[in-house]
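1. what follows is a predicted structure for the sequence shown.
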Amino acid sequence: MAKNIIIPSVKGTREFYPEEMARRNFIYEKVREASQSFGYQEWDAPYLETLELYAAKSGEELVKEQAFTFKDRGGSQVTLRPELTPSLARMIAKKQRQLVYPLRWWSFGPFWRYERPQKGRSREFFQWNIDMLGPDSPEADAELIAVAAKFMKSVGLDPKLARIYVNNRRLMDSEFDKLEIPTESRLMVSNLVDRRRKMKADAWAKYALEAGITQSQLDGLVTLLENKDLWKESKDLVRLFAALDALGVSEYVEFDPNVVRGLLYYTGTVFEAFDVSGSVHRSLLGGGRYNNLLADVGGDPLSAVGFAMGDVVAGIVLEENDLIPEFEPSPAPVLVTVFGKEFLAESLALSAELRENGIKVISYPEAAKIGKQFKFANKMGVKVALVLGADEVESGQVAVKNLLSGEQVKIARADVPEKVQKILAGD
């Protein structure tokens, strides 16, 4: 007899069993809490977009190599969205003069990129996007950084476990000018800076010289990237750090000239949060000020600042630091048992009464041995079990068993909701 073959999931996608779903929802709830505490509104965009939407903002590698693209039945080239900012820009541009500014929006949803799956990276992931549009000030930038710090604090990632590193595009441009690095070489140099922490010093220096910078420029670049006080020469960063101090999150933030984050895209402040709890520093989130994007999709120029955080690395970091809440197998803490077929309707009615009183209840779906039902209750983490047998139905009572203490009492059916609520409250 042929054995059934289980068809595997698509490579790089994720299956969310209840425990994994609970972790995803925990991250979502903390994201929502942090976003809304600063007055940001939740929004979303289509999961399917035209490929041309990303031509204005996204790099060629993302569009041609990492996007899941295909032709729809009408022959149009479409893609599963690999990022959200172009959709944001389009939606703002469509109603730019009807919206209220400063505009504060956030979203948490699925994205797809055709990358090589590995720990901390999958082809399907969820991402938190949060942006403020309208103001162009270091104080607005500070607010976004404070939102990130609020999230980190709320999930237990203190400054010893995670930190936010800040830099500024205009500051780096002025320093590149001093080193006589031409504009056309800035992308190469920013990529070079990004590689610095991933390579040994001598290998990085050799790579830099081979890339086309001079020895003098290399020496100047090394000095620049090790200057932790450079931020004091930027009026924007001085204001930024003053605002962060006023917002009470300065302990999470420090200046780092090695943070570049695509300097040709960002126009001012850039920042990136890293997990620093282990030997390998992993990026948790990143973003900065981008003031040119709206004009690229047909809107009027509009200042913007924002960041994005994927759920994969965030989930791994929280799990490794034991910061994910203990999994509760059932969201309903009460089980109404079925003593026998003749009592099934009574048990269902009791379940309905409890739900009307705001209590989450599992109704056992069939008559079975009470021992089996209590075993199920224990496996599901149920705290209270209710039994309606012949004696209870005849006397208008219910047997209420506290599965945490083992205590069992019989009480009038009308008093069951109050009794259950007291048990669940720990009284």
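-> Done, it's in.

2. would you mark the buried spots in the longest helix seen in the chain?
-> For the chain, the longest helix by residue count, based on DSSP state H, is helix 18-37. Neighbour counts over helix 18-37 (16 or more other CB atoms under 10 Å) mark 22-23, 26-27, 30-32, 34-35 as buried. No exception for glycine: its C-beta is placed from N, CA and C like everyone else's.

3. closest one to P8 out of these, please.
-> The nearest member of the buried residues of helix 18-37 to P8, counting by CB to CB, is R23 at 22.3 Å.

4. surely the closest one touches I316?
-> No: using CB atoms under 8 Å, R23 makes no contact with I316, being 10.2 Å away.

5. overlap of the contact sets of the two?
-> Shared contacts of R23 and I316 (CB atoms under 8 Å, 6 or more residues apart in numbering): none.

6. from the middle of its chain, how far away would stretch 410-421 be?
-> When C-alpha coordinates are averaged (CA atoms, centre = their mean, to the nearest Å), stretch 410-421 and its chain have centres 41 Å apart.

7. what does it rub up against?
-> Residues outside stretch 410-421 that contact it (CB under 8 Å, 6+ apart) are 334, 350, 353-354, 357, 359, 384, 386, 392, 395-400, 409.

8. let's see which of these end up in helices.
-> Per DSSP H, the subset of the contacts of stretch 410-421 in helices is 350, 353-354, 392, 395.

9. domain-wise, how is this structure divided?
-> With automatic domain parsing as the criterion, the domains of the chain are listed as 18-320, 334-424.

10. V270 bridge partners, please.
-> Note on V270: beta-bridge partners by DSSP bridges are N167, G288.

11. what pLDDT, on average, does the helix or strand just after the longest helix of the chain get?
-> Counting by DSSP states H and E, the next helix or strand C-terminal to helix 18-37 is strand 41-42. Mean pLDDT, strand 41-42: 98.

12. try stretch 71-90
-> 91.

13. okay, how far is it across that stretch, tip to tip?
-> 22 Å (CA to CA, to the nearest Å).

14. do stretch 76-89 as well
-> Stretch 76-89 has its terminal residues 21 Å apart, counting by CA to CA.

15. now do the contacts for M152.
-> 158, 162, 164, 252, 273, 284.

16. buried subset of these?
-> Buried residues within those, counting neighbours by 16+ other CB under 10 Å: 162, 164, 252, 273, 284.

17. can you name the residues that contact the last one?
-> Meaning L284. 152, 162, 273-275, 309, 313-314, 317.

18. if we use 7 Å, what do you get?
-> Residues near L284 by CB atoms under 7 Å, 6 or more residues apart in numbering: 162, 273-275, 309, 313-314, 317.

19. repeat for the second one
-> With CB under 7 Å, 6+ apart as the criterion, the residues that contact I164 are 145, 148-149, 252-253, 271, 273.

20. next one: the first one
-> When the contact criterion is CB under 7 Å, 6+ apart, the partners of A162 are 152, 273-276, 284.

21. run through who's touching the longest helix of the chain.
-> By CB under 7 Å, 6+ apart, the residues outside helix 18-37 that reach it are 16, 106, 108, 126, 128, 130, 147, 150-151, 154-155, 311, 314-315, 324-325, 327.

22. can you do 8 Å?
-> So helix 18-37 is contacted by 14, 16, 42, 106, 108, 126, 128, 130, 147-148, 150-151, 154-155, 309, 311, 314-315, 318-319, 324-325, 327-329 (CB under 8 Å, 6+ apart).

23. does I181 touch Q217 like I think?
-> Yes: using CB under 8 Å, I181 makes contact with Q217 at a distance of 6.2 Å.

24. give me the neighbour count for the residue nearest to L404 when sequence neighbours are not counted.
-> The spatial neighbour of L404 that comes closest, neighbours along the chain excluded (CB to CB, 6 or more residues apart in numbering), is K383 at 5.7 Å. Residues within reach of K383, counting by other CB atoms under 10 Å, total 18.

25. also L244?
-> Using other CB under 10 Å: L244 sits among 24 other residues.

26. which stretch of helix or strand covers it?
-> helix 235-246.

27. counting by contacts, list what that helix packs against.
-> helix 138-154, strand 162-168, helix 169-178, strand 253-255, strand 269-275 (3 or more CB pairs under 8 Å, 6 or more residues apart in numbering; DSSP states H and E).

28. partners of L335 in the sheet?
-> Under DSSP bridges, the residues paired with L335 across the bridge are I362, A385.

29. can you pull the pLDDT of it?
-> 97.

30. do the same with L263
-> pLDDT, read off for L263, is 52.

31. just the buried subset of the contacts of stretch 410-421, please.
-> Looks like the contacts of stretch 410-421 have 334, 350, 353-354, 359, 384, 386, 392, 397-400 buried, using 16+ other CB under 10 Å.

32. alpha carbons of stretch 161-174, as CSV, please.
-> In CSV, the C-alpha atoms belonging to stretch 161-174 read as follows (Å, rounded to 0.1, in the frame of the first residue of the first chain):
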residue,chain,number,x,y,z
LEU,A,161,21.2,43.8,24.9
ALA,A,162,20.3,46.2,22.1
ARG,A,163,21.4,49.7,21.0
ILE,A,164,20.6,52.3,18.4
TYR,A,165,23.4,53.8,16.4
VAL,A,166,23.0,57.2,14.7
ASN,A,167,24.7,59.1,11.9
ASN,A,168,23.9,61.9,9.5
ARG,A,169,24.1,62.0,5.7
ARG,A,170,24.9,65.7,5.5
LEU,A,171,27.7,65.3,8.0
MET,A,172,29.2,62.4,6.1
ASP,A,173,28.9,64.3,2.8
SER,A,174,30.9,67.2,4.3
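
33. okay if I get the contacts of L284 as CSV plus pLDDT and distance to Q421?
-> Formatted as CSV, those follow (pLDDT from 0 to 100; distance: CB to CB, whole Å):
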residue, pLDDT, distance to Q421
A162, 97, 39
A273, 97, 41
F274, 95, 45
D275, 95, 41
M309, 97, 38
V313, 94, 40
A314, 95, 35
V317, 95, 37
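
34. strand partners (parallel or antiparallel) of the one helix or strand Q127 maps to?
-> Using DSSP H and E, Q127 maps to strand 124-134. In the sheet, strand 124-134 lines up against strand 103-112 (antiparallel), strand 303-310 (antiparallel) (DSSP bridges).
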